[in-house]
Structures are given as structure tokens and as C-alpha cells.
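Colleague: Structure of the sequence below:
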Amino acid sequence: MHDMQTLSSPDDILATYDRVARDFQAQRNRSLFEKPMLDRLLGVAPRNQSPRRLLDLGCGTGAPLATYLAERGMDITGVDGAATMVDIFAETLPCATALHADMRTLDLGQTYDAILAWDSFFHLSPDAQRAMFAVFRAHAAPKAALMFTSGPAAGESWGHAAGAPVYHASLDPAEYRDLLAAHDFKVIDYRPEDPECDRHTIWLARFTG
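Modeller: Numbers count the residues shown, from 1 in each chain. Model (predicted):
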């Protein structure tokens, strides 16, 4: 059994990532195992604007994901609640927009052709995850692509980021499907623990609202 007193909670996540940001940057896997799914995102994202706009929620350091998408012509807005992560993101992608903000209360008043929440959304509590679908919807341009990672089944777990304990949670896949449908997103692809993507559980949807 874990000692519950020593475990991270959703409330600790931003302070933890703020503290370990430089170590996280140094240790981040840069092999770009995510490339096939990023290419799917690029394929689904509509051409409403030129350049196409991407909202990267929990953007972290900007490498390698946002860098890869920027190199393929996307105009990136990175949002992270950890200030040091935002600073590194701005250093990594000086042409991008870097915003220090909490995704849970985000209201940018503009929409994007693609929304990405890779290895970030799953640090939120179950209720905060449920509430995020309204945030996704509010920032989705017509036919926007939405991609996020979750766990494969409902529950809470704990992992590590640069050696620091971090909280993870997931809803049941059926509930994610219901939330997506309720907020006008159509599931394009669902890959539970994808062996070709470092066992990430990945959702890709298109906004139909």
C-alpha cells in the first residue's frame, strides 16, 4: 500500500512541474514515438485558417511535440499552469504564443483548428476532467481535431515526473465517449494502451458543433 500522505494530488501537479521543469526537459523522451498520432492529428485538423492554429494544453517544454507540429506549419499556442514550463516553452518555440494559465479555467475567446492535451489532461481529477470537455468545445473551430491521452480504465494512479510523484486519473472509456458526444465531438480513433505509441491510450475526435 502507498502511504496516502506522501502521494501527489491533483492540487500538487502545477507546483511539482514548476519545480522539476528543467530536469523534466533534460529527461523527456525525444524519440518522437508520438509521430504517427501527431500525423493523424495533422490529417484530421481542418484548413479553416492559414496557418492552422493549434492549442496545446499542458504544453510543457514544447519539445518534441509542439516543435514537430510547428515545423509542419501550425501556429502554436501553448498553455501550461507551471510557470517554468511556460518559460522553457517560450525559449524552445520563440515564434509560438506561450500562456501561463490553468487549463481548467481557460477562456481565451478564440478557437483553434486542433486542440492537443497529451500527457496533461490525465493529471486532473475525474471531476475536473469532466469539466474540461466544455473548455475543449469553447476553443474548437469548425471541424477542429481534438487529441488527448487518458488511462485505459477508470481509476487513480501515481507515477513520476523527473523523480517527483505525480497524480493521474482516468474515467471509464464509455464515459469519455459520452462526454465527447455530449459536447459535439465525434470519435475518429481510440487506441487503448497503443503498443506502437509507448502504450499511451489515445483519443482523436472531430468537432461537429
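
Colleague: Now the longest helix along the chain: average pLDDT?
Modeller: Using DSSP state H, we find that the single longest helix of the chain is helix 13-27. Averaging pLDDT along helix 13-27 yields 77.

Colleague: which strands and helices sit next to it?
Modeller: Packed against helix 13-27 by the contact rule (3 or more C-beta pairs under 8 Å, 6 or more residues apart in numbering; DSSP states H and E) you find helix 83-92, strand 155-161, strand 164-170. Just so you know, the C-beta spots here come from the backbone N, C-alpha and C atoms, and that holds for glycine as well.

Colleague: got these as a markdown table, with mean pLDDT, mean neighbour count and distance to Phe148 columns?
Modeller: Formatted as a markdown table, the helices and strands packed on helix 13-27 follow (pLDDT from 0 to 100; neighbours: other C-beta atoms under 10 Å; distance: least, C-beta to C-beta, whole Å):
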| stretch | mean pLDDT | mean neighbour count | distance to Phe148 |
| --- | --- | --- | --- |
| helix 83-92 | 95 | 20 | 18 |
| strand 155-161 | 87 | 14 | 17 |
| strand 164-170 | 88 | 19 | 11 |
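
Colleague: Leu14: which of the ones you listed is closest?
Modeller: helix 83-92 (8.6 Å; C-beta to C-beta).

Colleague: Alpha carbons of that closest one, as PDB, please.
Modeller: What follows is helix 83-92, C-alpha atoms only, in PDB (Å, rounded to 0.1, in the frame of the first residue of the first chain):
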ATOM      1  CA  ALA A  83       5.300  29.000 -15.000                       C
ATOM      2  CA  THR A  84       8.800  27.500 -15.500                       C
ATOM      3  CA  MET A  85       7.300  25.100 -18.200                       C
ATOM      4  CA  VAL A  86       5.900  28.100 -20.000                       C
ATOM      5  CA  ASP A  87       9.300  29.900 -19.800                       C
ATOM      6  CA  ILE A  88      11.000  26.900 -21.400                       C
ATOM      7  CA  PHE A  89       8.300  26.500 -24.000                       C
ATOM      8  CA  ALA A  90       8.800  30.200 -25.000                       C
ATOM      9  CA  GLU A  91      12.600  29.500 -25.200                       C
ATOM     10  CA  THR A  92      12.000  26.400 -27.300                       C
END
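
Colleague: Residues in contact with whatever helix or strand comes next after it: which ones?
Modeller: Counting by DSSP states H and E, the next helix or strand C-terminal to helix 83-92 is strand 97-100. Residues outside strand 97-100 that contact it (C-beta atoms under 8 Å, 6 or more residues apart in numbering) are 59, 76-81, 83, 86-87, 89-90, 108.

Colleague: Recalculate using a threshold of 6 Å.
Modeller: Outside strand 97-100, the residues that touch it by C-beta atoms under 6 Å, 6 or more residues apart in numbering are Thr77, Gly78, Val79, Ala83, Val86, Phe89, Ala90.

Colleague: chain center to that strand, what's the gap?
Modeller: 14 Å (C-alpha atoms, centre = their mean, to the nearest Å).

Colleague: Spell out which strands sit alongside that strand in the sheet and which way each one runs.
Modeller: Taking DSSP bridges as the criterion, strand 97-100 forms sheet pairs with strand 75-80 (parallel).

Colleague: what inclination does the partner strand have with respect to helix 13-27?
Modeller: 120 degrees (axes from the mean of the first three to the mean of the last three C-alpha atoms, to 10 degrees).
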